[in-house]
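**Student:** Any chance you can model this:
(chains A and B)
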2 protein chains.
Amino acid sequence: MVEKKIDKEEVWKFKEYVCRAKCFDIRAGSRVAILNRSDAYSNDIYENHRVVLSADHKELVSIVDLSNDLVRPGEVGLFIELFEELGVREGDPVKVMHTSRPASIDYIKKKMDGHELSHLQIDTVMEELMQNRLSEGELASFITSLYIRGMTDSEVVGLTQSIVKSGEILALGKKPIADKHCIGGVAGNRTTMIIVPIVAAAGVYMPKTSSRSITSAAGTADTMEVLAPVALDVSEMKEIVLKCNACIAWGGAMKLAAADDKLIRIRNPLSLDPKGVMLASILAKKKAVGAQYAVIDIPVGRGAKIADPHEANRLAHDFINIGKQLGITIEVLTTDGSDPIGNGIGPALECRDVLSVLAGGGPADLRDKSCQLAGILMELCGRCKKGDGQALAADILTSGKAMAKMRQIIELQGGNPNVTPESISIGGHKHRVIAEKTGRVSFVDNKMLSKIARAAGAPVDKGAGIYLHCEQGDKVKEGDVLFEIFAESESKLDFAIKALEGWNPIELQKFVLSTMK
Amino acid sequence: MVEKKIDKEEVWKFKEYVCRAKCFDIRAGSRVAILNRSDAYSNDIYENHRVVLSADHKELVSIVDLSNDLVRPGEVGLFIELFEELGVREGDPVKVMHTSRPASIDYIKKKMDGHELSHLQIDTVMEELMQNRLSEGELASFITSLYIRGMTDSEVVGLTQSIVKSGEILALGKKPIADKHCIGGVAGNRTTMIIVPIVAAAGVYMPKTSSRSITSAAGTADTMEVLAPVALDVSEMKEIVLKCNACIAWGGAMKLAAADDKLIRIRNPLSLDPKGVMLASILAKKKAVGAQYAVIDIPVGRGAKIADPHEANRLAHDFINIGKQLGITIEVLTTDGSDPIGNGIGPALECRDVLSVLAGGGPADLRDKSCQLAGILMELCGRCKKGDGQALAADILTSGKAMAKMRQIIELQGGNPNVTPESISIGGHKHRVIAEKTGRVSFVDNKMLSKIARAAGAPVDKGAGIYLHCEQGDKVKEGDVLFEIFAESESKLDFAIKALEGWNPIELQKFVLSTMK
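**Tutor:** Numbering: from 1, shown residues only, chains lettered A, B, ... in the order given. Got it, this is the predicted structure:
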């Protein structure tokens, strides 16, 4: 049953009063205005109400907190987000106004009740999200409704377009534009930093934006940052890509697909990732850089994000289908996600793997997987015949062209182009984890390794992490080193060792399961 | 699709550090701790993380905000909620600790996925809600899931019991204990303040808790407050009820059914009232005062909260059924909710109506409805034969026993027992709304009248509101006064008159609908 909402705010819309700004050096994580209690009450404003603050022709919606003394009558307390966005300083005048109820609330309710939303309605929700007019609770309710009710293809396409519209757009032109994405969940697996220079060396634009780690030991942005700054804006990105065909930037610093960051903030605390939102979130970032071709990597298996191959197949079909409606040609690869890719886990250690592969060596699994993915992208872009992509990628790698391209990217992003794998510094405190028995490695636990690497300081401490000395299927002998933990301080190393206690991230299959006599 | 959550916090559980409290006079509406940014980062704490704060053997979970300068290294900034609850003052030591993921998140997900929750799981969610361990988003997600998925009877019973357990319990004993509830949505309709003294005069306990207005012009607590203080705690309530059988207190000041207030805070911004949560919320308040008998008033009709009589019937069955499982005998009345009850709308004006009825006069609709409801309660409690209740209630009213009982309640709650209807002061600024034509009153708009009364200052200004001079079915002539608006200041009266512009809360049916020639 739903209580009919009385639009009280409509009545009050024209009420307003002017205050002086009092600025607080607090980042509230959302827009919060602190009003003096008696000021607020006499204007019929209460805790958790929404008001519009206006200064210098800017208007922002914000949530209300009240104070008796810290904020005196005639003042409005502003946290960092607000005074920066309003562009006001201590003592500047700010107008406080009543605001009407966001239209989104009706659309959130509509979806909750199981009805399809139109593109226009989805657009309204995303616009009000961008204006910070929706509370955390309203957004959580929206995401929960999308999760329970599911999304139609039309809704996913609409959401993707709304997310694209919420931010800036990269316009390149002329050469084909390619992108790639991995669903994640596999430790190491830093293929992007190998695929991008290979494909760019083949004359294809790859304006790559990547994320920082949320729960893993490193994201591509964290790893690339070992080599060069990654916080580019869209115009810097464009300049670099026009010069060398590619970049590897941090998506969070850009204003591409801006609504997506806000959606992610809501999804994370609930670990809630409705399929349609995930599709829209990924594809909006591709669309915003103008990608025409994309390869999607879906790791499947024990310990990966997606354990069930059938689910992976359904997801693959969705990507291809929605991509088509958005004008992006997509090829999806389901890959083995049960085992880490590469030997390093943590920004600097993964970076060493990447540079080693680009230099012609490095871990075979990382090299081969990267060449397969790069090959498919080059096939999609018409750079070679279907079936010849992987060999072309391997050629570009062996010829040194990929390494040269990577050095160009590093230099244009402001890093040292002469970097070598050995010159990358790794945490000076290390601990070796030894096999307690002889056996074959039957399982390597991605998640547990990520946890331990994080406990050691990754991704904030770039040199912290894990170096694997074995992979699934290897035979190890009692006393062999299974992996090493690296940290930048003794205390963090201790902490990681403590975190490891009682856990067994490398499972060994016994050759003799039991004996009887 | 659901991303598997990595319980990173588990790893960090044993991290902690000690800070000095820095107290801010800000009521944040939830528990927010401001940490110094570098302190936080070096302890792997980020914006919107949850931490446990510990001081003086108390532990509270709080959300993290970060500051560079306002909160210096070694300090923790505390808003009012936190420093009061922790019992610390400026400079006191506070321990900051990592915290594990609330168990509730799994149960919220379980419900989201359409599975029934056990009583124990619901209990856990309510416990973590009470510990403030759940964010606004997580709670909104829970309520949204309950709304979309619905609740089984067992879940409603479990939720009711958990809500009861979350607060204090009133233990009276000996006499039968009765309660009443109205679903609301009808302007005026202040029956509680008449039913309570009638039933109490018949020797039944009526420990009544009422709410303040949310969207209407007055709640029972707002109206009773005109006569006496209503912010009683449970022990004061018990003392008063043992002396005179009844009280009329504000539920919000009590610690009865404490979780309910928190649930309401989440439901309101979304205007979301899942049936099961509404049932549990209402019945928990009855159960917490030990009620054995209850009458529920469901107003139905145009403009009321429930427009559809079938929906009202279904709800009635639910009340009776769930009540039975909780040991409460319930009788439900669906009543005509299309028209205001009484003439006054707003605390003081409604209070005048109530006292006039208790004095033997007053609006007939208010008197009759109150007697019917009080009669049914007395029948349920065995104070008279089935069918004799209304007459008994009228007797108690006419004899003056109800007024005497009310004066006793007013005195025990700390008000003036010699109050008369005329002694209640009404806003000195008034405006008459005149019939522009002759006709029969075909509809009186409850919601619109409430809005105008609120625009005039109700319920904060006790003397503000509306006095109705007509009701549905009345014939009025052009120039007759339809209603008067009262306000405590000229500016608020102007505001109410402005709010009325273009609106027509009293609809007149024309006798001649059209003419042709």
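
**Student:** could you list every residue that touches residue A:428?
**Tutor:** A:463, A:488 (CB atoms under 8 Å, 6 or more residues apart in numbering or on different chains). Quick note: C-beta positions are derived from backbone N, CA and C, even for glycine.

**Student:** How much space separates it from residue A:461?
**Tutor:** Distance, residue A:428 to residue A:461, using CB to CB, to the nearest Å: 11 Å.

**Student:** What sits closest to the residue most central in space within chain A if chain neighbours are left out?
**Tutor:** Nearest to the geometric centre of chain A sits residue A:211, at 3.8 Å (CA atoms, centre = their mean). Leaving aside its chain neighbours, residue A:211 sits nearest to residue A:219 (4.8 Å; criterion: CB to CB, 6 or more residues apart in numbering or on different chains).

**Student:** which residues does residue A:182 form a beta bridge with?
**Tutor:** On the basis of DSSP bridges, residue A:182 takes part in beta bridges with residue A:297.

**Student:** related to what we said a few turns ago, next, show the common contact partners of residue A:428 and residue A:461.
**Tutor:** residue A:488.

**Student:** which residues sit in contact with the residue nearest to residue A:211?
**Tutor:** A:210-213, A:459.

**Student:** Roughly how far does it sit from chain B?
**Tutor:** Taking CB to the nearest CB, to the nearest Å as the measure, residue A:219 falls 14 Å from chain B.

**Student:** Find me the pLDDT at that residue, would you?
**Tutor:** Per-residue confidence at residue A:219 stands at 92 (pLDDT).

**Student:** cool, residue A:205 as well?
**Tutor:** 97.

**Student:** Who are the contact partners of it?
**Tutor:** A:172, A:175-178, A:241, A:245-246.

**Student:** how about the residues of the stretch 51-200 of chain A near chain B?
**Tutor:** A:65-71, A:77, A:105, A:108-109, A:112, A:114, A:135-141, A:143-145, A:147-149 (CB under 8 Å from any CB of the partner chain).

**Student:** send the alpha carbons of stretch A:353-370 over as PDB?
**Tutor:** Only the C-alpha atoms of stretch A:353-370 are listed here, as PDB (Å, rounded to 0.1, in the frame of the first residue of the first chain):
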ATOM      1  CA  ASP A 353      54.700  -8.100 -15.500                       C
ATOM      2  CA  VAL A 354      53.300  -5.700 -18.200                       C
ATOM      3  CA  LEU A 355      56.600  -4.200 -19.100                       C
ATOM      4  CA  SER A 356      58.200  -7.600 -19.200                       C
ATOM      5  CA  VAL A 357      55.600  -8.800 -21.700                       C
ATOM      6  CA  LEU A 358      56.000  -5.600 -23.800                       C
ATOM      7  CA  ALA A 359      59.800  -6.200 -23.700                       C
ATOM      8  CA  GLY A 360      59.200  -9.700 -25.200                       C
ATOM      9  CA  GLY A 361      59.200 -11.800 -22.100                       C
ATOM     10  CA  GLY A 362      57.000 -11.900 -19.000                       C
ATOM     11  CA  PRO A 363      54.400 -14.400 -17.900                       C
ATOM     12  CA  ALA A 364      53.100 -16.500 -20.800                       C
ATOM     13  CA  ASP A 365      49.400 -16.400 -19.600                       C
ATOM     14  CA  LEU A 366      49.400 -12.600 -19.600                       C
ATOM     15  CA  ARG A 367      51.100 -12.400 -23.000                       C
ATOM     16  CA  ASP A 368      48.900 -14.900 -24.700                       C
ATOM     17  CA  LYS A 369      45.600 -13.600 -23.300                       C
ATOM     18  CA  SER A 370      46.500 -10.100 -24.300                       C
END
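
**Student:** can you give me the mean pLDDT across it?
**Tutor:** 96.

**Student:** In that stretch, which residues are buried?
**Tutor:** Going by neighbour count (16 or more other CB atoms under 10 Å in any protein chain shown), the buried part of stretch A:353-370 is A:353-358, A:362-363, A:365-367, A:369-370.

**Student:** got it, and stretch A:57-76?
**Tutor:** Neighbour count says stretch A:57-76 has A:60-67, A:70-71, A:75-76 buried, by 16+ other CB under 10 Å.

**Student:** before we move on, what about stretch A:400-419?
**Tutor:** Under the neighbour-count criterion of 16+ other CB under 10 Å, stretch A:400-419 has A:401-413, A:415, A:419 buried.

**Student:** if we can go back for a sec, considering the contacts of residue A:219, which is situated nearest to residue A:186?
**Tutor:** If you rank the contacts of residue A:219 by distance to residue A:186 using CB to CB, residue A:213 comes first, at 12.7 Å.

**Student:** which regions of chain A sit below the pLDDT cut-off?
**Tutor:** For chain A, residues meeting the criterion pLDDT under 70 lie at A:1-15, A:28-30, A:48, A:267-271, A:510-515, A:517.
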